[in-house]
Structure formats: C-alpha cells, structure tokens
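Visitor: Need coordinates for the below:
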Amino acid sequence: MANHAPVEVDAMLRESQQEENVRYGFLDYIIVAYILFLPVQFQTGQSIRIAPSDVFLVAYLAFGFMRLKFVKHTWSMWHAGLFFTFAMGMVVAIANTGYISQYAIIQKGIGLLVLFAAYLAITSTAADWAKIGWLLKALIIGVVFQNTIALVAFAASQLAGYSASWMNYGDTRLSGMLVDPNAYGGLLVLVFAIQATTYFLKRPLLAGMFGWYANITLGIGIILTFSRSAWIGMAIVLMTNAFISAVAFKPKVLLRLGLVGVFAVLALYVVFGAGFLDVFMAMATRQSQIQDRFEIIGDALAMFADSPVFGIGIGVFAETHDIIIHNTPLWILTEFGLLGFMLFLGFSLWFVTKGIHVYKSVGEDLKPMILGLVMAYMAMAGLSLGIEALYQRHWWLIMALLASSYGIVCRESRILDIERPLRLDTELPRGVSART
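Guide: Okay, the predicted model is just below:
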C-alpha cells in the first residue's frame with residue numbers, strides 16, 4: 001500500500017472553491033440584495049423604521065424555505081440562551097407592570113426573530129469560503145457606493161446649502177440613508193475593518209486604486225458621522241492592527257493605516273477649509289449630551305439595583321423614562337438582570353472564540369479575511385457601549401459569517417480525518433504483522 005502525503009487544507013479548499021464558484025443561484029443573489037440594502041432605512045411617522053433589506057429576507061424565506069437548514073456548528077446553546085433571555089424578559093415585564101408595551105413586542109421581540117431569521121438564511125447560504133468572500137465583497141461595494149453618495153450630499157449641504165431630506169442627519173452629521181449617525185458610523189467601521197485588513201495584508205477583497213478609494217472614503221465617513229461610539233469601535237480596530245503589526249513585525253501595515261488617516265484629514269481640510277476643526281470640536285464634545293448619557297446610566301443602575309437577578313423586564317426602562325439606555329451591556333443588565341447578562345455575554349464571546357479558532361486553523365490565504373471578520377465583530381462590540389447595537393443587521397451578518405467559517409473548518413477537518421490514510425510505516429507492536 002502506497003503512502004500518501006498529508007493533505008494541505010488550503011489546497012483542498014481552493015479546489016473546492018473552483019468547483020463551487022459557478023453554483024451561485026437565485027437565492028444566493030437574494031442574500032446579496034439583502035446585504036446591498038443594509039445601509040438603507042426609511043423613517044415612518046410612528047418612530048418605526050422600514051428596512052428594504054427585510055423585503056429580500058422575506059423573499060428568501062418564501063422561495064428558499066426548503067433550503068433553510070440549521071448548519072452544524074453554526075448554532076450553540078448560547079443562541080437558545082439569548083432567545084430564552086428575551087422570552088424571560090417579557091414574562092418579567094408583565095409580572096412587574098401588568099402589561100408589555102407595543103415597543104417591546106414589535107421592536108424588541110419581533111425584531112429579534114427577524115435577526116435570527118436573517119442569521120439562519122445567511123448560514124444556510126455561506127457554505128464555502130468562496131461564498132463568504134463573495135458576500136463580504138458585496139457588502140464593501142454596497143457600503144462604499146452609498147457612502148460616496150452620502151459624502152457628496154454632505155459636501156453639497158455644507159458648501160452650497162443644498163439639503164436632501166432623505167440623506168444624512170439634519171445636514172450636520174453623516175448618516176447616509178440609515179437615519180441614525182451612530183448606526184451608520186458602526187456600519188462604516190465594520191466595513192473598514194474588513195476592507196483595510198484584507199487590503200493591507202495582501203489578500204484584498206477590493207484591490208488596486210478602488211481599494212485605496214474605499215479605505216479613504218470610509219475613513220472620511222467615519223469622521224463625519226461625529227459618532228463617538230463609532231470612534232470607539234474604530235479605536236479598537238486601529239489598536240488591534242497596531243498590536244498585530246508589532247507582534248508580527250509588520251510595521252508597513254500600521255504605516256499604511258496611518259496614511260489612510262492622513263489622506264482622510266487632508267481631504268476634509270481641502271474641501272471644508274480650516275474652519276472644519278472648530279466644527280469637529282463642537283460636534284465631538286456635545287457636553288449636554290454627555291451629561292444626559294450619565295443621567296441615563298444612573299437611572300439604569302438604580303433600576304438594576306431594585307431587581308438585580310431577573311431585571312425589570314424588556315421595554316420597561318423605555319416605557320418609564322421615555323428614552324432608551326444607549327448602552328447594550330447596561331441595557332441587558334438592567335432589563336434582563338444578571339441571569340440575562342450572563343447568557344448575553346456567553347452568546348457574545350462564542351463568536352470571538354470561534355473566530356480565533358478559525359484564524360488559527362486556516363492557512364495564510366484566508367487569515368486576513370478571518371481577522372477582518374473578528375475585528376469587525378469587536379468594533380461592533382465597542383460601538384455597543386454607546387448605542388443599543390444588538391439590533392444592527394450588519395452585526396448579525398458578521399456573526400453569521402463567523403459561525404459559517406467555523407462550520408466550514410469543522411467540516412473540512414472532519415473530511416481530512418476520514419480521508420487520512422493509515423500509515424503502515426509506523427512501528428507495529430511486537431508480534432503483530434502488517435498484511436495486505
């Protein structure tokens with residue numbers, strides 16, 4: 001019996017990609033449409049936002065119902081734990097107040113079901129590395145395209161007085177068509193983490209001059225959202241890159257990221273002039289808003305102290321104070337208590353641990369993409385300190401792609417274990433002979 005050389009995982013995956021590149025069907029393009037419309041929402045008079053991407057999600061569920069599957073290794077007990085947390089929160093809200101608000105039912109309860117449905121659709125679709133890269137490229141192109149329109153509209157409003165009511169936030173902060181500048185800033189940071197990481201580590205999803213254009217315009221957009229929450233996420237991305245550059249002795253990566261920042265600031269100076277610095281400082285400080293956030297934190301902690309184990313119930317804080325908490329961990333702690341917070345923490349850390357496992361398992365060709373996904377996820381975790389980020393669809397997209405990556409690694413490892421031939425050139429126990 002002939003001996004076989006060990007199978008290279010990357011070579012095996014590349015062969016798989018070449019075979020599966022032509023397998024993009026109707027349902028795959030529906031998911032791409034869902035991703036392309038992630039940066040678009042419309043505000044209604046009832047304070048409910050309509051997301052066109054959800055239309056494509058419904059279409060996927062309708063046409064692809066038989067294709068939906070709970071892919072092994074992409075779901076965990078922590079997913080069930082999060083669902084249990086919200087169900088428990090509704091019970092606690094009814095027990096404490098005698099009713100549950102429409103806000104809690106529609107925006108929190110049904111909203112979570114929609115996010116789980118999107119997670120199911122994406123993990124059912126992203127079955128190989130080629131599709132994951134394809135979906136990420138669609139995300140980058142879609143966001144860069146809309147961000148370009150948003151930047152043009154912002155410049156027109158500042159320089160020519162032109163106002164587009166459907167674009168940006170009162171002509172003072174960049175928000176694209178996502179309505180909320182903080183959510184939009186988080187989306188830009190998420191995409192920047194993926195694009196910049198893959199670009200500067202020589203495995204670009206968008207290469208060449210368009211890749212540079214994407215990096216710089218995303219950087220400009222992040223600044224113009226004036227979202228301190230998004231800036232926290234961006235700081236996480238930059239510090240992580242700095243750490244990796246130092247450990248891996250790749251100073252050029254950090255230098256190129258610095259150049260992106262320099263070009264972004266220069267572009268803002270050229271377009272808006274020296275007066276932009278005063279505008280930047282005024283928008284970045286917003287002292288009254290900072291004071292309001294501290295008051296919200298104090299009120300939330302006081303309500304948590306009254307009910308620390310099970311929380312006060314979902315939607316109760318907003319119903320009581322007519323405002324949301326603007327901090328995801330604190331919101332979870334206040335409305336779901338320590339029990340809900342521990343389940344949420346386990347859910348959040350599951351994706352980090354699986355992402356790190358995938359990064360260690362794949363070869364050099366795939367590491368930049370996985371690192372970009374992990375950094376995008378961590379950037380959203382940073383953003384969650386300033387907004388209730390759990391309901392951001394683009395965060396769930398990253399969750400689904402990280403989970404799909406883990407599922408692929410587990411599947412490929414299992415195939416390699418099955419196909420690895422028995423080596424007969426190893427020393428056998430005394431008295432045992434090898435027979436063919």
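Visitor: what's near enough to touch residue 194?
Guide: 136, 139-140, 205, 369, 372-373, 375-376 (CB atoms under 8 Å, 6 or more residues apart in numbering). For the C-beta atoms, the positions are set from N, CA and C on the backbone; glycine is no exception.
Visitor: same check, this time on residue 372
Guide: 136, 193-198.
Visitor: Max pairwise distance over the residues you listed: which two?
Guide: The largest separation in the contacts of residue 372, counting by CB to CB, is between 136 and 196 at 12.8 Å.
Visitor: Can you convert the contacts of residue 194 into CSV and add a column each for secondary structure?
Guide: Listed next are the contacts of residue 194 as CSV, based on DSSP: H, G, I helix; E, B strand; the rest coil:
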residue, secondary structure
136, helix
139, helix
140, helix
205, coil
369, helix
372, helix
373, helix
375, helix
376, helix
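Visitor: Which one (most neighbours) among those?
Guide: residue 376 (30 neighbours; other CB atoms under 10 Å).
Visitor: Excluding its own residues, what touches the host helix or strand of residue 29? List them.
Guide: Using DSSP states H and E, residue 29 sits in helix 26-36. Applying CB under 8 Å, 6+ apart, the contact partners of helix 26-36 are 53, 56-57, 59-60, 63-64, 67, 118, 121-122, 125, 131, 134-135, 138-139, 141-142, 397.
Visitor: List the buried residues of that helix.
Guide: 27-28, 30-36 (16 or more other CB atoms under 10 Å).
Visitor: in its sheet, what does the following helix or strand past that helix sit against?
Guide: Next along the chain after helix 26-36, taking DSSP H and E as the criterion, comes strand 42-43. Within its sheet, strand 42-43 is paired with strand 49-50 (antiparallel), according to DSSP bridges.
Visitor: Distance across stretch 197-214, terminal residue to terminal residue?
Guide: 12 Å (CA to CA, to the nearest Å).
Visitor: Quick one: distance of that stretch to the chain centre.
Guide: 19 Å (CA atoms, centre = their mean, to the nearest Å).
Visitor: What average pLDDT does the helix ranked longest in the chain get?
Guide: Determined from DSSP state H, the single longest helix within the chain is helix 328-361. In this model, helix 328-361 has an average pLDDT of 96.
Visitor: quick revisit: buried ones only from the contacts of helix 26-36, please, as a PyMOL command.
Guide: Remark: buried members of the contacts of helix 26-36, expressed as a PyMOL selection using 16+ other CB under 10 Å:
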select buried, resi 53+56+57+59+60+64+118+121+122+125+131+134+135+138+139+141+142+397
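Visitor: Using CSV, please lay out the contacts of residue 194 together with pLDDT and distance to residue 212.
Guide: Listed next are those as CSV, based on pLDDT from 0 to 100; distance: CB to CB, whole Å:
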residue, pLDDT, distance to residue 212
136, 96, 18
139, 97, 18
140, 97, 13
205, 93, 13
369, 95, 19
372, 94, 16
373, 96, 21
375, 94, 19
376, 95, 19
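Visitor: JSON lines please, covering those residues and showing distance to residue 338.
Guide: Formatted as JSON lines, the contacts of residue 194 follow (distance: CB to CB, whole Å):
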{"residue": "136", "distance to residue 338": "36"}
{"residue": "139", "distance to residue 338": "35"}
{"residue": "140", "distance to residue 338": "39"}
{"residue": "205", "distance to residue 338": "40"}
{"residue": "369", "distance to residue 338": "36"}
{"residue": "372", "distance to residue 338": "34"}
{"residue": "373", "distance to residue 338": "30"}
{"residue": "375", "distance to residue 338": "29"}
{"residue": "376", "distance to residue 338": "29"}
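Visitor: and which of the residues you listed is nearest to residue 351?
Guide: For the contacts of residue 194, the nearest to residue 351 is residue 373 (9.2 Å; CB to CB).
Visitor: Give me the three-state assignment for the spatially closest residue to the closest one that is not a sequence neighbour.
Guide: Distances taken as CB to CB, 6 or more residues apart in numbering place residue 402 nearest to residue 373, at 5.4 Å, with adjacent residues excluded. Here residue 402 is recorded as helix under three-state DSSP.
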